[in-house]
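Enquirer: Structure of the sequence below:
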Amino acid sequence: MSLRPPLPKRSRDQIVDDFLKDVTEKLQASPQQERAKWKPGMVMAMRIESFLGHDLIHANFGPSLNFITGRNGSGKSSILSAIITVLGERATVTGRADSLQGLIKNGFESANLMVAIHNIGPLAFEPDVHGPIIVIQRILRRAASGKTGATSQYKLYRQTRQGPGALQYFSLTNVKTEAIHRIVDFFNYQTSNRMAVLNQDEAKRFLVSSSASEKYSMVMSGAMLDQTKRLIAESRQNAEKLSQNIVNAKDRAGSFKRHLDEKRRVFQALERIGELRHQLEMARYQVQIVGKLQRRNILSQREMELRYFLDRVQGSSLRDELTSRIEALLRDTEALRSETDAGGGGDGGDGGGGGGVAQRLERLRTEKILARDEIASAESTLSSAQSSLTRARGELDEQARRLGHLQRATDLHTSSSQADVEQLRQELESCTERLQLAQAQFNEVDTHYKELSTRKNDLTADFQVSSDKMARHRSMVETLTRVVEQLQRMVASQASAASQGGQLSLAEKGAFYHPMFRTLRLPEDTLGPIGLYVRIKDRRWYPALDRLIGRQMTHIITTNPQRLPELSRLIAERQYRGQAVYFGGPTDRRYPVASPLADFPSPLDFIEVTHNAVFNYLVDIAKLDRCVFIADGDQCKAYIEAHGRQHGLAGFTMQGERYDATRSGGVLFQHAERIRFQNFLPSDDPASQGPNAAADAAEQIETNSRALAQEQEHIRTEQSTFESLRAQVDEAERTLRSTHAELNEHYLRKERLLREETHLRQRLQAASQLSPADVASQATQQQQDLEAARDAVERQEARLRLLVEDTGRHEAALAQARAKLRDIDEQAHRLQEQQQENQRVLRAKELELAAARTQLAEQIEREEHDRQTLTQQLGDLQQELGTLGQAIADLFREMPHSDSGSQHGDGQGGQSAIDQQAEERLLLSRSQQSYQQDVENLEHEIEELRCTANAEDAERLRQEIALMSESHQSGEFQIERLERLYPMLAEIIQLQTDRAELFKEQFSIVMRGKFKDILRKCFSLPGHLNFNHEDRQLDIELLPAEGATAAGGPLPPGSQTVAHKKTTQLSGGERSLATLCLLLALWGSISGPLRCLDEFDVGMDESNRRRSRRALVDGTAEIKKQVFVISPLDVGVDTSNPEVSVNILTLADPKRSAQE
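Expert: Residues are numbered from 1 along each chain as shown. Okay, the predicted model is just below:
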């Protein structure tokens, strides 16, 4: 068969231009409501030429639902194949051919495909470059052409300008496949997702014949969850391979290390000139040391200057004076504040005489704190003194030990014989044994010290708990005492009013019959809402409410809507910052519904909320400010008790015998826990205000008196416990200090023995190597050291005697402070029953405190300026000290680190300052030229030895070892890095696995909700999805309502039952409709602008087909996607839904021969 030639180039360009202008004109001519439905990425139109069974097709699509109908063989599926081919998919994805050449119509040389994509909106793809419409053209050829020899070519058209008649002109660009992939990835066309684009076979298998496991696999694959699981499994396998590779790399590194060690052992045989090199380094060091000694002298002078200024700053008394003055002012301020708090109720006539007691008690507490501070300071000073005494004893022992060592060294150098060397060895062995014994004793004492520390911490915690309990009980006693006095004054006032024949005023009733309302306030740090249930029956409660809420934001809840005007007037009168809330039922519409929280209502708005939503609404309001909710009505009380706990609402019921504190807000009334609240409000009838009210008040006084006695008994019990715990803590502290001193002694003994062992080893080595002349010289020097050491021992003994005397004085001061603390506790216990108040002294103290604070602020400002100046000077000095330290470090880094050099350095480290000065004088005794001559002689000798030892072989071996060492270090570094990377990789894989499981559960929840909504909306049927992730099963259950009808007509036969029906129990129509709802729910859960469904209704009857098409219309309105549906049957769709525009494309009947 001969191939038809392609159209001429000019004719093809004209066709493309006409296609682009037609698309532009249709978009501009469409109504504004229709254009608003277009979203970026939707396909507006396409043109097919010589593709599969089509010669030429120009199709325009709608933004919502597009039906493609026609007889079998008319090429309906070819349109979807053309769309996914233009969007970059392979020919195998279409299921129509194995290669792109197989998609070209027989008898044609090439195929031309074009699609127009909408690109207007906030999610448009590079609108400045591509304009409002993106046109992609893909040309398929049977034979390769062009420079690249490709059988497929992409072209991209974009708008350049707008011409006359609102026509748009486009420019042509030849692009690579990557540019098309960028557009496809941006709009997320999931053309390879078999659940987003369902061909005939997939649609039939999913909608009709799929089992529960197949549905689960297809849904999870459509949601890309199975692909995620496979990627995580591959990552886990790669991590296991990495672990095995690390093990193999370790084995290879071990073999390589053994080979490198063998090379190094061979190289060591060639290092016979190392000793001479060391001597050369020492000679060079001696050449340089003369200059560095001068540099060190300069640095030492600068160090002395720095220490002088540092001591000057640290020795300043300004900080100590400022600290003492601040402590004194703080003590006075604390005492005055305690007096003011205790005397605050004197103006009302019910708290007079209590300020003096509070002042004296607070003063005693302050003295107690100061006494404890003195005890702590004395204990710290005593501990410091004991530590100093221990250190002094250790230093004395060290001086005595060093004196003995010097004496023995002197004896040793006078007669350097083999017998003395043997004696040193015996002494070294004996010292080693004593050192091991001292280490064992130190470990035993250290373990005992840790046990005592743990016990001391436990006792301290119990002591603090007991102290807190006693403080709470004392506060309870004060509150109960105040309440009893108020009740007694109430009875007296009522008796006086009855004897005079009058009645109490409303304010007096609110004050006396409810004393808690007048004395308690909500603190400023209250978090969250506080609910209070009170029956608000008349205005007699209003003064009490004012005192309770303190003009805070208040929401009054009522179940009686006719009370709203009265409550609104109450809010306006009392100037509350809240609103009245009607607590109505879900069907009561007599009052307007609450507006959203963003439009917060004014204080006079009336709000209707349902039973289940009222607490959510009130808690949301509480997030804006602190709230007090006052409920009026039994129904409100029931809901506060039932739902208040789960919504974090702390409630207080003032109607019954006690309040209900459901959250931490209950601590506001913690002192009233033992008080019975009764409704003492009398009625307006004078007869009801007689003996009953007095009897109730007397009973209340008796109840609170008993509670007061119980609290006082608790205080006495806690006082005894407090004293016992304090004695135990003191005993534990004394034992701990003695154990700590013993531990220090053992530690010093261990260190002393360790130094003695080191010194004996040095002496033994020195005795083995020194010549007789050196022995005589060192003996003379050590004789001088011996005399200096004896003087140091005498001075240390005198210092030790002084420290012993200081320790005794500190112990006496500590005992005196503890006695003072016991006296203060006894005075505080005796002053608990006394009462005093002095307002005039309080005001005078307040003025004095203000003046003292002003004076203190001025003094602090001056001291702060001086401190900043000194701190800046200290920073400069510390910077110079750092430079000095760096210079000294550089001097020591230049010293050689060989064996002989280390021995020399250790020897100098053990010598005194006199020895170091002698060494410096010895080095300066020779000229620098003589040291330089030694260097030249050593270099000449080394050069001769290098030539003799065959330097070429040594150099080659050295380079080989260096390369092997570098390779070994690099390999070890890589292995270490991989070992650190492997746990991180395993953790990341586990994290991704957990996230994938969480996303799978969330996806299941979303799918259940969408399926349930679509099924109810489209078919008026209740149903749900059952995800079984362990068995990979997805089952559909339906529960039709009695007499329910679907949107498209009556339900299928056999569906008018009440029992659940699973997938295996559903009829064919029910299964297809339910699975279609499942598909629509899945389409709404995955991204991408396109959805395709091929011949879904072939196996349905007319009734189910009508309902399914109606479901497609409603489902498209829900998911807001562009849907392509292929059906070989006539389409009758209800287009009354304004949210969905239905576009029907009917293809012409296929041309068949007479034989067909």
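
Enquirer: Please make it C-alpha for all contacts and neighbour counts, starting now.
Expert: Fine.

Enquirer: count of neighbours near residue 463?
Expert: Per other CA atoms under 10 Å, the neighbour tally for residue 463 reads 20.

Enquirer: what do you get for residue 264?
Expert: Neighbour count of residue 264, defined by other CA under 10 Å: 17.

Enquirer: what do you get for residue 1011?
Expert: 27.

Enquirer: next SSE after whichever strand or helix holds it?
Expert: Applying DSSP states H and E as the criterion places residue 1011 in helix 951-1019. Scanning forward in sequence from helix 951-1019 by DSSP H and E, the next helix or strand is strand 1023-1028.

Enquirer: Could you check the helix or strand just after that next one and say which residues are buried?
Expert: Using DSSP H and E, the next helix or strand after strand 1023-1028 towards the C-terminus is strand 1033-1038. By 16 or more other CA atoms under 10 Å, the buried positions in strand 1033-1038 come out as 1033, 1034, 1035, 1036, 1037, 1038.

Enquirer: Stretch 227-246 now?
Expert: So, applying 16+ other CA under 10 Å, buried residues of stretch 227-246: 228, 232, 235, 236, 239, 242, 243, 246.

Enquirer: Excluding covalently adjacent residues, which one is nearest to the third one?
Expert: Distances taken as CA to CA, 6 or more residues apart in numbering put residue 989 closest to residue 235, at 7.0 Å, once the chain neighbours are dropped.

Enquirer: since we're on the one you found, how many residues are nearby?
Expert: Around residue 989 there are 17 residues (other CA under 10 Å).

Enquirer: same check, this time on residue 1031
Expert: 10.

Enquirer: and it, how far is that from residue 234?
Expert: 22 Å (CA to CA, to the nearest Å).

Enquirer: Identify each buried residue in stretch 1007-1017, please.
Expert: Buried, per 16+ other CA under 10 Å, within stretch 1007-1017: 1007, 1008, 1010, 1011, 1012, 1013, 1014, 1015, 1016, 1017.

Enquirer: mind checking how far the fourth one is from residue 1111?
Expert: Taken as CA to CA, the spacing of residue 1011 relative to residue 1111 amounts to 12 Å.

Enquirer: Pull up the overlap in contacts between these two.
Expert: residue 1077 (CA atoms under 8 Å, 6 or more residues apart in numbering).

Enquirer: Inside helices: which ones of the buried residues of stretch 227-246?
Expert: 228, 232, 235, 236, 239, 242, 243, 246 (DSSP state H).

Enquirer: Single out whichever of the residues you listed has the smallest pLDDT.
Expert: The lowest pLDDT within these belongs to residue 228, with 79.

Enquirer: okay, the closest residue to it other than its chain neighbours: pLDDT?
Expert: The shortest distance from residue 228 to any non-neighbouring residue, by CA to CA, 6+ apart, is to residue 996 (7.4 Å). Listed pLDDT for residue 996 reads 80.

Enquirer: now swap in residue 44 and tell me
Expert: At residue 44, pLDDT is 90.

Enquirer: For my notes, please list the buried residues of stretch 227-246 in a markdown table and give distance to residue 380 for each entry.
Expert: What follows is the buried residues of stretch 227-246, written out as a markdown table (distance: CA to CA, whole Å):
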| residue | distance to residue 380 |
| --- | --- |
| 228 | 64 |
| 232 | 61 |
| 235 | 60 |
| 236 | 59 |
| 239 | 57 |
| 242 | 58 |
| 243 | 56 |
| 246 | 55 |
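
Enquirer: one step back: I'd like to know which elements the helix holding residue 1011 is packed against.
Expert: Applying 3 or more CA pairs under 8 Å, 6 or more residues apart in numbering; DSSP states H and E, we find helix 951-1019 packed against helix 225-268, strand 1023-1028, strand 1045-1046, helix 1068-1085, helix 1102-1119.

Enquirer: can you tell me which of the ones you listed the model trusts least?
Expert: strand 1045-1046 (a mean of 41).

Enquirer: pretty sure residue 460 contacts residue 729?
Expert: Yes. Under the criterion of CA atoms under 8 Å, residue 460 makes contact with residue 729 at 6.3 Å.

Enquirer: So which of the two has more stuff around it?
Expert: residue 729 (21 against 18).

Enquirer: Which neighbouring elements make contact with the helix or strand harbouring that one?
Expert: In this structure, residue 729 sits in helix 691-769 according to DSSP H and E. Where contact means 3+ CA pairs under 8 Å, 6+ apart, helix 691-769 is packed against helix 355-414, helix 418-499.

Enquirer: Compare the mean pLDDT across those helices and name the weakest.
Expert: Averaging pLDDT over each of the helices and strands packed on helix 691-769 puts helix 355-414 lowest, since it has a mean of 68.

Enquirer: Quick one: mean pLDDT for stretch 1090-1097?
Expert: Computed over stretch 1090-1097, the average pLDDT equals 77.

Enquirer: Could you list the alpha-carbon positions for that stretch in PDB?
Expert: Provided in PDB are the C-alpha atoms of stretch 1090-1097 (Å, rounded to 0.1, in the frame of the first residue of the first chain):
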ATOM      1  CA  LEU A1090      -8.100  15.500  34.100                       C
ATOM      2  CA  ARG A1091     -10.300  12.400  34.700                       C
ATOM      3  CA  CYS A1092     -11.200   9.900  32.000                       C
ATOM      4  CA  LEU A1093     -13.700   7.000  32.100                       C
ATOM      5  CA  ASP A1094     -14.200   4.700  29.000                       C
ATOM      6  CA  GLU A1095     -17.500   2.800  28.500                       C
ATOM      7  CA  PHE A1096     -18.600   2.500  32.100                       C
ATOM      8  CA  ASP A1097     -22.300   1.900  31.400                       C
END
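
Enquirer: residues making contact with that stretch?
Expert: 42, 77, 80, 189-190, 196-200, 203-204, 207, 1083, 1105, 1121-1128.

Enquirer: now with 7 Å?
Expert: The contact list for stretch 1090-1097, computed with CA atoms under 7 Å, 6 or more residues apart in numbering, reads 42, 189, 196-200, 203-204, 1105, 1121-1128.

Enquirer: Equivalent analysis for stretch 118-136, please.
Expert: Here stretch 118-136 has contacts from 39-44, 114-117, 155-159, using CA under 7 Å, 6+ apart.

Enquirer: For that stretch, buried residues please.
Expert: Quick answer for stretch 118-136 (16+ other CA under 10 Å): 118-120, 124-125, 127, 130-136.

Enquirer: Kindly report the same for stretch 994-1010.
Expert: Buried, per 16+ other CA under 10 Å, within stretch 994-1010: 996, 1000, 1003, 1004, 1006, 1007, 1008, 1010.

Enquirer: could those residues go into JSON lines alongside distance to residue 760?
Expert: Conversion of the buried residues of stretch 994-1010 to JSON lines gives the following (distance: CA to CA, whole Å):
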{"residue": "996", "distance to residue 760": "69"}
{"residue": "1000", "distance to residue 760": "74"}
{"residue": "1003", "distance to residue 760": "78"}
{"residue": "1004", "distance to residue 760": "80"}
{"residue": "1006", "distance to residue 760": "82"}
{"residue": "1007", "distance to residue 760": "84"}
{"residue": "1008", "distance to residue 760": "85"}
{"residue": "1010", "distance to residue 760": "88"}
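
Enquirer: Am I right that residue 139 is in a strand?
Expert: Yes. Assignment of residue 139 by DSSP: H, G, I helix; E, B strand; the rest coil places it within a strand.

Enquirer: Quick check: bridge partners of the residue nearest to it when sequence neighbours are not counted?
Expert: Once flanking residues are discounted, residue 139 sits nearest to residue 112: 4.7 Å by CA to CA, 6+ apart. Beta-bridge pairing of residue 112 under DSSP bridges involves residue 49, residue 139.

Enquirer: dump the residue contacts of residue 112.
Expert: Residue 112 sits in contact with 48, 49, 50, 138, 139, 140, where contact means CA under 7 Å, 6+ apart.

Enquirer: Neighbour-wise, give me the winner out of these.
Expert: Busiest of these [other CA under 10 Å] is residue 140, holding 24 neighbours.

Enquirer: how near is it to residue 192?
Expert: Relative to residue 192, and taking CA to CA, residue 140 is found at 20 Å.
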